[in-house]
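Asker: here is a sequence together with a model predicted from it:
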Amino acid sequence: MTMPGDAQQRMESYLGQLRRGLRGMHEEDARDIVEELRSHIAERAAASGPLTAAGVERALAGLGPPEELAGQYITDSLLARAETSRSPLRILQSLFRWASWSVAGFFVLLGSLLGYFLGVVFILVAALKPFHPESAGLWVFPDGANDFEISLRLGFGTPPANGRELLGWWVIPVGFAVGCWLVILTTRLALWCARRYRKSRALPGSS
Amino acid sequence: MKERGASEPEGGDKWEVQLRKGCLELAILAALWDGKLYGLEILRRLESDSHLVVSEGTVYPLLSRLKSLGLVKSEWVESDSGHPRKYYALTPAGRQRGREMAAIWTRFSGSMSRLLAPLAKGK
């Protein structure tokens, strides 16, 4: 069955938007999804008679906005990936995709970037302590009469004059432990948010 | 950035949506119990046999997830309609998961039915 030009154009435009939303997924998986939905739209549109632009429009309405549909696939893919690999890089890659179309994804990405950044800083401080024994570590600086400021220093530059180092060599095991804990906690929190989001969006009966 | 604009239903309707949502995975595994089906057939089966009115945009990502979890497998089959169809079938792990979920469902719904019996009689 051939499709009228305007209907074909509308379907391709929708699938193009979906395809862009799926960037970050494996190429083969994304192609498979697009082809499956192409087949679905064509069959759904022809279900009640000849293929028309209105039929295609109804089929597309049933699927919902392409960004949201792509988002469901992306959060599912994020969770499925996490079950096989908990690599923060792969998780961040999926979070960037999620954040590009969803406010919730944007905040989860912000939180995850902050968590991973802090974790990496703790690990770096621990790793650089042997190379900068005088200045790398957890420092406390007096800030006014009763106030103070705590800072993590990687040890580059001259050692601060008015500060006091808190942990000494203990910063190595503590830095590694806290850094790894932060990375693991951030990964778990990001996945928990994705799982919650997926459940809240899987709304039956909204077609 | 865009969020779904439609407001969620209130009160009892919202509860019903949550209930239906929770059943969807089991309903799909059950629909595939007797053999392979493609996406649109699964949707029709859910609507006709279980009265689960399901958004198409919900079922396809869920099928993709069930596949990545190894509960279903898929294959492309040429059709007379002019375009190939992607058929889904249960894997042994999917059958096992379906049996487990069905047992939990039966136990739960049985005990709920006993508890709800007075309400049904209108006492």
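Answerer: That came through fine.
Asker: so which bits of chain B are right by chain A?
Answerer: Listed as neighbours of chain A in chain B under the rule C-beta under 8 Å from any C-beta of the partner chain: B:1-4, B:6, B:8, B:17, B:20-21, B:24, B:38-40, B:52-58, B:60-62, B:64-65, B:68-69, B:76, B:81-86. The way it works is simple: take the backbone N, C-alpha and C, and place the C-beta from them, glycine included.
Asker: of the residues you listed, grab the buried ones for ChimeraX.
Answerer: Typed into ChimeraX, the line below selects the buried ones among these, using 16 or more other C-beta atoms under 10 Å in any protein chain shown:
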select /B:17,20,21,24,38,39,40,52,54,55,56,57,58,60,61,62,64,65,68,69,84,85,86
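Asker: so which of the residues of chain B next to chain A sit within strands?
Answerer: B:Tyr38, B:Trp76, B:Arg85, B:Lys86 (DSSP state E).
Asker: chain neighbours aside, what residue packs nearest to the residue positioned nearest the centre of chain A?
Answerer: Closest to where the C-alpha atoms of chain A average out (C-alpha atoms, centre = their mean) is A:Leu95, at 1.1 Å. Spatial nearest neighbour of A:Leu95, excluding adjacent residues (C-beta to C-beta, 6 or more residues apart in numbering or on different chains): A:Leu109 at 4.4 Å.
Asker: how near is that neighbour to chain B?
Answerer: Distance of A:Leu109 to chain B, computed by C-beta to the nearest C-beta, to the nearest Å: 11 Å.
Asker: try A:Pro66
Answerer: 9 Å.
Asker: also A:Glu43?
Answerer: 6 Å.
Asker: count of residues packed around that residue?
Answerer: 21 (other C-beta atoms under 10 Å in any protein chain shown).
Asker: what's the answer for the one 10 residues further on, then?
Answerer: Number of residues near A:Ala53 (other C-beta under 10 Å) recorded here: 17.
Asker: and for B:Thr97, nearest residue in space, chain neighbours not counted?
Answerer: Heads up, residue B:97 is Arg, not Thr. B:Leu71 (5.5 Å).
Asker: outline the domain layout of chain A.
Answerer: Domain assignment for chain A by automatic domain parsing gives A:1-63, A:86-207.
Asker: average pLDDT for stretch A:108-122?
Answerer: Stretch A:108-122 shows a mean pLDDT of 92 in the predicted model.
Asker: swap that for stretch B:25-44, sorry
Answerer: pLDDT averaged over stretch B:25-44 gives 93.
Asker: contacting residues around it?
Answerer: A:36, A:39-40, A:43-44, B:45-46, B:49-50, B:52, B:54, B:56, B:59-60, B:62-63, B:66, B:71-72, B:75, B:77, B:85-90, B:94-95, B:97-98, B:101-102, B:105 (C-beta atoms under 8 Å, 6 or more residues apart in numbering or on different chains).
Asker: now swap in stretch A:94-103 and tell me
Answerer: Here stretch A:94-103 has contacts from A:21, A:23-24, A:67-68, A:70-71, A:74-75, A:77-78, A:81, A:104-106, A:108-109, A:112, A:190, A:194, A:197, B:1-3, using C-beta under 8 Å, 6+ apart.
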